[in-house]
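> From the sequence below, what's the structure:
(chains A and B)
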Amino acid sequence: MDGLLVRSAEELFTRHATSEAVRAIRAGGSPTLLWGEIEASGFLDALMPEDTGGAGLGPAEALPLLLAAGRFAVPLPIGDTMLARAALAAAGEAAPEGAIALGEPAGDSAARLPPGCHADWVLLSRGSAAVLLPIADATPDADASSPLANVLRWPNHAGRPLPAADVLAAGAWSEAAIMAGAMERILEDTVRHARDRQQFGRPIAAFQAVQQQLSVLTEDVFASRMAAQLASVPDGEGIAGLNPARIAAAKLRIGEASVRAAVIAHAVHGAMGITEELDLHLLTSLLRIGRMRFGGEAHWAAWLGRHYLAGDATETLAFVRAHLGPVAPEATP
Amino acid sequence: MIGTLPLAAIPPEDEALRPEIRDFLRGTVPSIPPERRARSWMGFDAEFSRKLAERGWLGLTFPKEYGGAGRGPFARYVLAEELLAAGAPVSAHWIADRQSGPLIHRFGTEAQRCFYLPRICRAEAFFCIGMSEPNTGSDLASVTTRAVREGDGWRLNGAKIWTTNAHRSQYMIALVRTSGTPQDRHKGLSQVIVGLQAPGIRISPIRDLAGDAHFSEVVFEDVMLPADALIGEEGSGWMQVNAELAFERSGPERVLSSAVLLDCWAQWLREAGADTAAEALLGRLIAHLAVLRAMSVAVTSRLVEGESPVVEAALVKDLGTEFEQLIPTAIANILASPGHLAPGPLMRALAYTAAMAPSFSLRGGTREILRGMIARGMGLR
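Numbering: from 1, shown residues only, chains lettered A, B, ... in the order given. A predicted model of the protein is given here:
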C-alpha cells in the first residue's frame, strides 16, 4: 500500500509539480491545474473514513504522501486539507469544495497562514470549538504579515462553531512530515552537487571537511524520517488518531534538524545555493516557514517536558516506551 | 545511498522478558548511590554479574547447547535497556556477552565454543578486547603486536593499551599481526584468545580522570600461546573485527550512557518544580531519546534479518553519543542558576557524567571515523 501510494504521488508530482509549475504558483500563478490533479487522485480524502467517502487510511499510511509533497516542495495545502476533511467528517460535517488551510489563531477571528497559501477555506480553533471560515471574506492584515506568514482577519464571531479538533497538533504533524520529505530531497541534491562540483582539481566530495558535514546532514535526515514515522503511529485522541506527545517529539526534532540541514546544504552548494535558479531555496524556505508553523522547538519541548512531569513516570526510558515507542505499521491498532 | 529505516518494534515474546528483569533490578540496584549507577556499563561488580548468570541472563543469544538461552538479539536488547536505564553494574560480563561470545560463536571452532561459551554464561570468563596499542588508535590496521608460529602454537610479543577491564578479566581477544608488516595494512592480521594468567604478561591499570581504573596497559613478552588460541581464520582478523563492531555500535549503550543522570535530574524537577527552561530541556531530551531508540531498534531488526547494517549502526552511534554528551552539558547549564541548591547525589552523578562524557564519542570508533564511514556509505569516497 505504502509503495503504491508513494509511486502514484511521485508520478503525479513529477508530471504536474515540476520546478516551473511550483515556481509559477509561488509567484501567484493559478494552482488550478495541479490542485485539480491532486483532487482527482483522491489523496485529499485519504484520512476520511470509508463510510464518508474517504479512503479510510491512517496517518502512517498517509505519511508517504506528505513526504513526497515535501520532496517536490508542493506549494499547496495538501496535508492541511487532508486533515481538515478528516476533522469535519469526524464531526459529521460535509467538507466544502476546495482547499482548506489549517489556521493558527492570531487573536479574535484572525488566522496566521503561510505566505502565498492557495486555499479557499481556513479551519481555525476558537476557544473550545473550531470554525470554518471562507478566505474570500477575509481582510489581509498587511501590517502584521511578513515573508514568514500572512495574517487574515474576519468580522468578530464569523462562522458557525464546530466541535473542537486539535488543529495545532495535526498541523504540526503535517508540517513536520513535509519538512522531513524536503530534507530527503535536500540530502540527495547536496550529495550529487558535492560529487559533481570540482575544486582544486577534484570533486569537493573528496575533501574530508565536506564529507563530515554531509555525514551530519545524513544523520539529521535519517533521524527526521524516523521522527515523522514515530509521529504517525495512530494511538492518540487527535484527528485521525494522531497523538500530540508523538507530534511534540517529531516537530521539535525535525525543527532542530531543519536548521542544521539548511546551513549545511547551502554551505556545500556555495554561492550557487543562494541563486534563484537552483531549486534549493524552494526547499529551504519551506523548512523555514514550516519550522515556525504550529509551534516551534521551544513550544513543543516545554509542552513535552510538562506532559512528562504531569504523569507519574520515574524513568524517561519507561515513558518513551509507553508513549513514544515504535509500533510497526502492521501491528497498529 | 543508504536505504531508509522503516519503523520496527520489539517482538512481544522479547518484551515479555521485561517485567521479570525490572522486578529483579528493583530488588538489587536502588541501594547503589546515583554516582555509582552513573558509571553505566563501566560499573564493575563480578558478584552482580554472577547474580545475572544465576537468572540465565548472560549469553541470552547463545544456543542452548553452549549454556545460552537461544534467544534473538531483541531479547538481549530488552535486557540491556533495562540494565542500563537502572544503572546496574554490568561491566564485568558486558564485553564477553556483547562481543567476545558472539565472535567465538560465529568464527570459533566447536572446541572453542564448548570451552568458552558456557563459562561466559556462568560469569566465570570475563573478556577484554585488545585492539588499541601505544601507537595504534583509530588507525587500527597499524597494529604491531605480533604472534609468530612456534611449533604447534604461537609466540606473542607487543603491547595493548586502553584495554577496558584487562586487569580483572580472564581472557583477551587480541588483534595481532601473524604475517607481513604494518605496511601490509589489513592483510596478515588475526585474532587470538589470550589467557591472561599466562607467564610473560604484565598488566598495569591506568587511572582515569574520575579516579577509576577501568582500563589498562598490557605488555606481552614471549608469551607462549597454544595452537587453538587462534580464533577464526589466520589472516581474517580485519574482517572479523569489523563484523564485531556492527553489533557494538547500534545498541542501547550508545544512547543510554547518561540515562541515570537524566532520570535523577527529572526526579529532582518533579520534587522541586521546573521553570520553562527546565521543562523545555526535559522535553527536548525525551524527544531525542525517543527518536534514537526507534533508530536503534530499527537497526537491530536489520541484524535480526541477517543483514550487516554497518553504516546505519555508525549513524546511530554518532547521533546517540552526541545525545549522551548533550545530557550532562545541558543539565549543568540549568543547574548553574544562582540560588539553586540541587541534592548532592544528583550533583555527584552530574560531576561523573560530565567528566567522562568526552569518552562517549571516542570508545568503539571515534566520531570522525564514524562520519567517514557514513560518507563512504553515501558514495562520497
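> ok, how many other residues are close to B:Thr276?
B:Thr276 is surrounded by 12 other residues when neighbours are defined as other CB atoms under 10 Å in any protein chain shown. In short, each C-beta sits where N, CA and C put it, glycine included.
> Now it. Nearest residue, chain neighbours left out?
In this structure, B:Thr276 finds its nearest non-sequential neighbour in A:Ala302, 5.4 Å apart by CB to CB, 6 or more residues apart in numbering or on different chains.
> do A:Ala298 as well
Counting by CB to CB, 6+ apart, B:Ala280 is the residue found nearest to A:Ala298 once chain neighbours are left out, at 5.8 Å.
> helices and strands around the helix or strand containing B:Val219, which ones?
According to DSSP states H and E, B:Val219 maps onto strand B:215-225. Strand B:215-225 makes packing contacts with strand B:153-164, strand B:189-195, strand B:201-206 when contacts are defined by 3 or more CB pairs under 8 Å, 6 or more residues apart in numbering or on different chains; DSSP states H and E.
> Try it again at 10 Å.
Other helices and strands packing on strand B:215-225, by 3 or more CB pairs under 10 Å, 6 or more residues apart in numbering or on different chains; DSSP states H and E, are strand B:127-130, strand B:146-150, strand B:153-164, strand B:171-177, strand B:189-195, strand B:201-206.
> In a markdown table: those, plus distance to chain A, mean pLDDT and mean neighbour count.
Putting these into a markdown table (distance: least, CB to the nearest CB, whole Å; pLDDT from 0 to 100; neighbours: other CB atoms under 10 Å in any protein chain shown) gives the following:
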| stretch | distance to chain A | mean pLDDT | mean neighbour count |
| --- | --- | --- | --- |
| strand B:127-130 | 26 | 96 | 26 |
| strand B:146-150 | 31 | 96 | 16 |
| strand B:153-164 | 24 | 97 | 21 |
| strand B:171-177 | 25 | 97 | 25 |
| strand B:189-195 | 25 | 97 | 23 |
| strand B:201-206 | 30 | 97 | 15 |
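> before we move on, the earlier item: and the next helix or strand past the strand holding B:Val219?
Following strand B:215-225 toward the C-terminus (DSSP H and E): strand B:230-231.
> quick one: A:Pro155 is in a helix?
No - assignment of A:Pro155 by DSSP: H, G, I helix; E, B strand; the rest coil gives coil, placing it outside any helix.
> any idea how far it lies from A:Leu133?
10 Å (CB to CB, to the nearest Å).
> Sketch out the low-pLDDT regions of chain B for me.
By pLDDT under 70, the low-scoring segments of chain B are B:1, B:246-247.
> and if you look at chain A?
Chain A contains residues with pLDDT under 70 at A:1-4, A:329-333.
> Mind checking which residue lies nearest the centre of it?
Residue closest to the average C-alpha location in chain A (CA atoms, centre = their mean): A:Glu175, at 1.9 Å.
> Touching, that one and A:Pro114? I think so.
Yes - look at A:Glu175 against A:Pro114 with CB atoms under 10 Å: they come within range, at 9.1 Å.
> So for A:Pro155 and A:Leu133, which residue has more residues nearby?
Residue environment comparison for A:Pro155 versus A:Leu133 gives the larger neighbour count to A:Leu133, 22 against 12, counting by other CB under 10 Å.
> about what we covered before: the strand holding B:Val219 pairs with which strands, parallel or anti?
strand B:153-164 (antiparallel), strand B:201-206 (antiparallel) (DSSP bridges).
> could I get the ones you listed as a markdown table with distance to B:Ile129?
Output for those, formatted as a markdown table (distance: least, CB to CB, whole Å):
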| stretch | distance to B:Ile129 |
| --- | --- |
| strand B:153-164 | 7 |
| strand B:201-206 | 14 |
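> Show me the one of the ones you listed that comes nearest B:Ser179.
With CB to CB as the criterion, B:Ser179 lies closest to strand B:153-164 of the strands paired with strand B:215-225, at 11.7 Å.
> How far away from the center of its chain is that closest one?
In terms of CA atoms, centre = their mean, to the nearest Å, the centre of strand B:153-164 is found 20 Å from the chain centre.
> go on, stretch A:113-133?
Per CA atoms, centre = their mean, the displacement of stretch A:113-133 from the mean C-alpha position of its chain is 16 Å.
> Just the buried positions in it, please.
Of the residues in stretch A:113-133, those scored as buried under the neighbour-count criterion (16 or more other CB atoms under 10 Å in any protein chain shown) are A:113-114, A:117-126, A:130-133.
> Tell me the span between the first and last residue of it.
Between the start and the finish of stretch A:113-133 there is a gap of 13 Å, counting by CA to CA, to the nearest Å.
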